[in-house]
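Engineer: I'll drop the sequence and a predicted model, then ask my questions.
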2 protein chains.
Amino acid sequence: MNKHPVILQIEAADKAIVAEDFNTLLNIYTDDAILVVAPGKNAVGKKEILKAFKDIAVYFKNGLKVEQSGMEVLVSGDTALVLANTVLSAPNLPITVRKATYVFNQSANGIWRCSIDNSYGHEVIGV
Amino acid sequence: MNKHPVILQIEAADKAIVAEDFNTLLNIYTDDAILVVAPGKNAVGKKEILKAFKDIAVYFKNGLKVEQSGMEVLVSGDTALVLANTVLSAPNLPITVRKATYVFNQSANGIWRCSIDNSYGHEVIGV
C-alpha cells in the first residue's frame, strides 16, 4: 500500500530536522502552525517555529535524531490527525519515546502541511 | 477565563451521549467526520456515526456515562486539536480513562464541529 502523503511529509520533516535543513522543514508547516516546544510553551507561526528549531538544534548539541516507530493517520476531508510513537535521541538525550499527535491540513493545491505539532501528546494537559 | 467553544461542544456532546439525544449529538459532527468505534474500526459520515452511537448505547445497556477529567485545546486557524482524559463508565464497564484525541474544524459561520473523534488515542497504532 502506498504511504499516505502525510506520512511522507513527516518522514521528510524528520530528515530535515536531523540535517538541520530549516528551509525544507519550515515548508512542511502551514503559515499559522503551532508547535509545542514544551508542555505549556508553544511557538506560533513560521518565524517562532524557525527560532524554536534553531534553539532545539543547539540545545541538543546539533545531534538530535528523530524518527517514528509507528504511525496511524485518520483523515476527514482536508484534515488529518496523526498518532505517532516518536523516537528521539541526542548526545545529551537518551532514547525517548513520545506519544505524539500531529494535525495536517491539505491546501487548495493538494499539499498536506502540518498545522499543529504536539510531540508531547497528553503531557500538555493541565500544564 | 471563558471556555473555548470547542470545550463547550465537547461538554454538550458528552451530555447528549448520556441522554441518548442523537440529534443534538450528530449536529456536533461535520458531515464527513470520522469516529473511531474501536481501534481499527471507524464510522465515517453522519449515517454511520449515528448507527455507531445507537449500537454503543445498546451495548452499554443504555447506561453509558462519559466526561472529561482534563482537556487541552491547541488551535491553528480554523483547526483545533483536543487532548483529553476521557472517563467512561456503564453498568457493564468499570470506570475507564482513555487518552482521547479530537479534531475540530470551524465552519464559515463560526461553529466548531468535530471532524475526527478518536477516543482511543494511540491505541489505534498498528491495529
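Structural biologist: Sure thing, it's come through. Residues are numbered from 1 along each chain as shown, chains lettered A, B, ... in the order given.

Engineer: Quick check, A:Trp112 in contact with A:Ala12.
Structural biologist: No - using CB atoms under 8 Å, A:Trp112 is not in contact with A:Ala12; the gap is 10.9 Å. Where you see a C-beta, it was placed from the backbone N, CA and C, and this is true even at glycine.

Engineer: Look at these two and report which has more neighbours.
Structural biologist: Ranked by neighbour count (other CB atoms under 10 Å in any protein chain shown), A:Trp112 and A:Ala12 place A:Trp112 first, with 23 against 15.

Engineer: quick one: that one from chain B, how far?
Structural biologist: Distance of A:Trp112 to chain B, given as CB to the nearest CB, to the nearest Å: 13 Å.

Engineer: Spatially nearest residue to A:Thr86 (excluding sequence neighbours)?
Structural biologist: In this structure, A:Thr86 finds its nearest non-sequential neighbour in A:Ala100, 4.2 Å apart by CB to CB, 6 or more residues apart in numbering or on different chains.

Engineer: Would you mind giving both backbone torsions of the residue sitting nearest the centre point of chain A?
Structural biologist: The residue lying closest to the centre of chain A (CA atoms, centre = their mean) is A:Asp117, at 4.9 Å. As for A:Asp117, its main-chain torsions (degrees, to the nearest 10) stand at phi -120, psi 100.

Engineer: What of the one 3 residues further on?
Structural biologist: Reported as degrees, to the nearest 10, the phi and psi values for A:Tyr120 are phi -90, psi -10.

Engineer: right, and it touches A:Lys41 too?
Structural biologist: No - with contacts defined as CB under 8 Å, A:Tyr120 does not count as touching A:Lys41, sitting 10.0 Å away.

Engineer: which of the two has more neighbours?
Structural biologist: Set side by side, A:Tyr120 and A:Lys41 show more neighbours around A:Tyr120, with 22 against 12, by other CB under 10 Å.

Engineer: how far away is that one from B:Gly40?
Structural biologist: If you measure A:Tyr120 against B:Gly40 using CB to CB, to the nearest Å, the figure is 25 Å.

Engineer: next one: A:Gly45
Structural biologist: A:Gly45 sits at a distance of 36 Å from B:Gly40 (criterion: CB to CB).

Engineer: Those two: which has the busier surroundings?
Structural biologist: Neighbour totals were compared for A:Gly45 and B:Gly40, and A:Gly45 leads with 15 against 12 (other CB under 10 Å).

Engineer: which non-adjacent residue is nearest A:Lys51?
Structural biologist: That would be A:Ala43: by CB to CB, 6+ apart, it lies 7.0 Å from A:Lys51.

Engineer: Is it correct that that neighbour is in contact with A:Ile56?
Structural biologist: No - look at A:Ala43 against A:Ile56 with CB under 8 Å: they stay out of range, at 9.9 Å.

Engineer: quick one: common contacting residues for those two?
Structural biologist: Residues touching both A:Ala43 and A:Ile56 by CB atoms under 8 Å, 6 or more residues apart in numbering or on different chains: A:Val37.

Engineer: who has more neighbours, these two?
Structural biologist: Under the criterion of other CB under 10 Å, the comparison of A:Ala43 against A:Ile56 puts A:Ala43 first, with 21 against 16.

Engineer: Run me through the strand neighbours of whichever strand or helix holds the more buried one, direction for each.
Structural biologist: Taking DSSP states H and E as the criterion, the element that holds A:Ala43 is strand A:41-44. Here strand A:41-44 has these sheet partners by DSSP bridges: strand A:29-38 (antiparallel).

Engineer: Cool, thanks, signing off.
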